[in-house]
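*Asks:* my questions concern the predicted model and sequence given below.
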Amino acid sequence: MSAICGIDWASEWHDVHITDESGGVLAAERFAHDERGISDLIELLQTSQAGLCAIERPDGLLVGRLLAAGIAVLAIHPNQLAAARDRFRASGAKDDRFDAMVLCELARTDRHRFPALALCGDETLALRALVRTREDLVAARVALANQLRGQLDAFWPGARRIFADIDSPIALSFLQRYPSPEDAHRLGEKRLEGFLARHRYCGRKTPTELLARLRNAPRAVLGELETEARRNAVFGLTAALEPIVEQIGQLTSQIAGTVRSHPDGEIFLSLFRDPKSVICAAGLLAEIGDNRARYPTRDSLAADAGQTPVTIQSGKRSAATFRWACDKRLRTHVSVLADSTRH
């Protein structure tokens, strides 16, 4: 008879609870989150013949080690774990060992309600790493760009208006060269034309039009010390943004090559008319994964992507609300696909 395991994943250790099919406790131990601890955990599971494990997260180092060891893994959503705690306690007590026991019991009694994770191929895992890293860098770029806009709005609005995107390479180069109104005091059409030529400006605006944007913006009245402080702030923000923008471009090129070489890449790329639309296609492929049985119907895929409402019905009252519990990354990519389709 195979055993069942529940693991509560913490940052420094893992609490493990193992029972047999009837609920008899076989082991309840804690393992450190290092190579020796994870190796001992896997050895304990194999010795106990634990063929099924419940855990709160669907990916990560430990999940990959469990799947590689041939152990089926159920990813239990934290909301489902929180709702199940009251089945096993009369008080509000909670600790990691208790959560491991609850996870184990959920896997033992309700395993049919939770689909098991499937190990993705190396191509999909590589694409997922690239796509998610790019998403994180884009979030960092947006945050820094918003801070830079705030600084420019406070003391030099013209520098924000001269180019369309404040985080574009040419806008960042301009701010590195002219971080304050005093630095751009002698900037004329000839100098601006030379700057645009050096940075291969491909916009449709002439130097005269760009210079008018710079000069016609409102001017702030600031003291000498505040002006210098904000000038240094612009220097720091642009210095932080430039490598992030460069790395995003490099990751975009790597993602394009990886998704085109993926066995299922052509299927997802065919969803878009523009051949340059590789980021969303790569994101869909990375988040859906290789296990096609994970989404047996289009409705199940739409639900996991947060595209279907949640119905709340009681008696004569019925309402539909926004679906919060979903795969947030998948929802972003499906929303982009839906928006591009309507065009």
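*Replies:* Noted; the coordinates are in hand. If you're wondering where the values come from, they're calculated on a predicted model, not measured in any experiment.
*Asks:* need the residues that contact stretch 175-190.
*Replies:* Contact partners of stretch 175-190, identified using C-beta atoms under 8 Å, 6 or more residues apart in numbering, comprise 148, 155-156, 158-159, 195, 207-208, 211, 214, 219, 227, 230-231, 234-235, 238-239, 242. C-beta: built from backbone N, CA, C; applies to glycine.
*Asks:* let's see that stretch as CSV, backbone CA atoms only.
*Replies:* The C-alpha trace of stretch 175-190 is given here as CSV (Å, rounded to 0.1, in the frame of the first residue of the first chain):
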residue,chain,number,x,y,z
LEU,A,175,18.7,62.6,-20.0
GLN,A,176,22.2,61.2,-19.4
ARG,A,177,23.6,64.1,-21.6
TYR,A,178,21.1,66.8,-20.4
PRO,A,179,19.9,65.8,-16.9
SER,A,180,18.7,69.3,-16.0
PRO,A,181,17.5,72.6,-17.7
GLU,A,182,20.8,74.2,-17.0
ASP,A,183,22.6,71.4,-18.9
ALA,A,184,20.4,72.0,-21.9
HIS,A,185,20.5,75.8,-21.8
ARG,A,186,22.7,76.0,-25.0
LEU,A,187,21.0,73.2,-26.8
GLY,A,188,20.0,74.4,-30.3
GLU,A,189,18.7,72.8,-33.4
LYS,A,190,22.2,71.9,-34.8
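*Asks:* any idea how far Cys53 lies from Ala72?
*Replies:* Going from Cys53 to Ala72 by C-beta to C-beta, to the nearest Å gives 7 Å.
*Asks:* to clarify, my last question referred to Arg30.
*Replies:* 23 Å.
*Asks:* out of Cys53 and Ala72, which sits in the busier spot?
*Replies:* In this view Cys53 and Ala72 are compared by other C-beta atoms under 10 Å, and Cys53 has more residues nearby, 28 against 18.
*Asks:* so that one is in which element?
*Replies:* In this assignment (DSSP states H and E), Cys53 forms part of strand 50-55.
*Asks:* show me where the stretch 151-300 of the chain has its helices.
*Replies:* Per DSSP state H, counting those that start in this stretch, the stretch 151-300 of the chain carries helices over the ranges 157-161, 169-177, 189-198, 207-216, 224-261, 265-269, 279-288, 298-304.
*Asks:* of all those, which lies closest to Asp15?
*Replies:* Nearest of the helices of the stretch 151-300 of the chain to Asp15, taken as C-beta to C-beta: helix 298-304 at 28.0 Å.
*Asks:* what comes up buried for that closest one?
*Replies:* Residues of helix 298-304 classed as buried by neighbour count (16 or more other C-beta atoms under 10 Å): 301-304.
*Asks:* follow-up on the earlier one: show me which of the contacts of stretch 175-190 are buried.
*Replies:* 148, 155-156, 158-159, 195, 207, 211, 214, 227, 230-231, 234, 238, 242.
*Asks:* just give me the closest of the residues you listed to Arg128.
*Replies:* The shortest approach to Arg128 among the buried ones among the contacts of stretch 175-190 belongs to Glu242, at 26.8 Å (C-beta to C-beta).
*Asks:* list the helices and strands the next helix or strand after the strand holding Cys53 packs on?
*Replies:* Going down the chain from strand 50-55, the next helix or strand is helix 61-68, by DSSP H and E. If you count contacts as 3 or more C-beta pairs under 8 Å, 6 or more residues apart in numbering; DSSP states H and E, helix 61-68 packs onto helix 35-47, strand 50-55, strand 72-75.
*Asks:* tell me the angle the host helix or strand of Ile7 makes with strand 50-55.
*Replies:* Here Ile7 sits within strand 3-9, counting by DSSP H and E. Strand 3-9 and strand 50-55 meet at an angle of 30 degrees, taking axes from the mean of the first three to the mean of the last three C-alpha atoms, to 10 degrees as the criterion.
*Asks:* save the buried residues of helix 298-304 as a markdown table, and put in pLDDT and distance to Ala184 too.
*Replies:* Formatted as a markdown table, these follow (pLDDT from 0 to 100; distance: C-beta to C-beta, whole Å):
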| residue | pLDDT | distance to Ala184 |
| --- | --- | --- |
| Leu301 | 93 | 52 |
| Ala302 | 93 | 51 |
| Ala303 | 93 | 53 |
| Asp304 | 92 | 51 |
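*Asks:* circling back: and the strand holding Ile7, which strands flank it?
*Replies:* Taking DSSP bridges as the criterion, strand 3-9 forms sheet pairs with strand 13-19 (antiparallel), strand 50-55 (parallel).
*Asks:* packing partners of whatever helix or strand comes next after the first one?
*Replies:* Past strand 13-19, heading to the C-terminal end, the next element that is a helix or strand (DSSP H and E) is strand 25-32. Contact partners of strand 25-32 among helices and strands, from 3+ C-beta pairs under 8 Å, 6+ apart: strand 13-19, helix 35-47, helix 96-110.
*Asks:* of the ones you listed, which is nearest Glu123?
*Replies:* helix 35-47 (25.3 Å).
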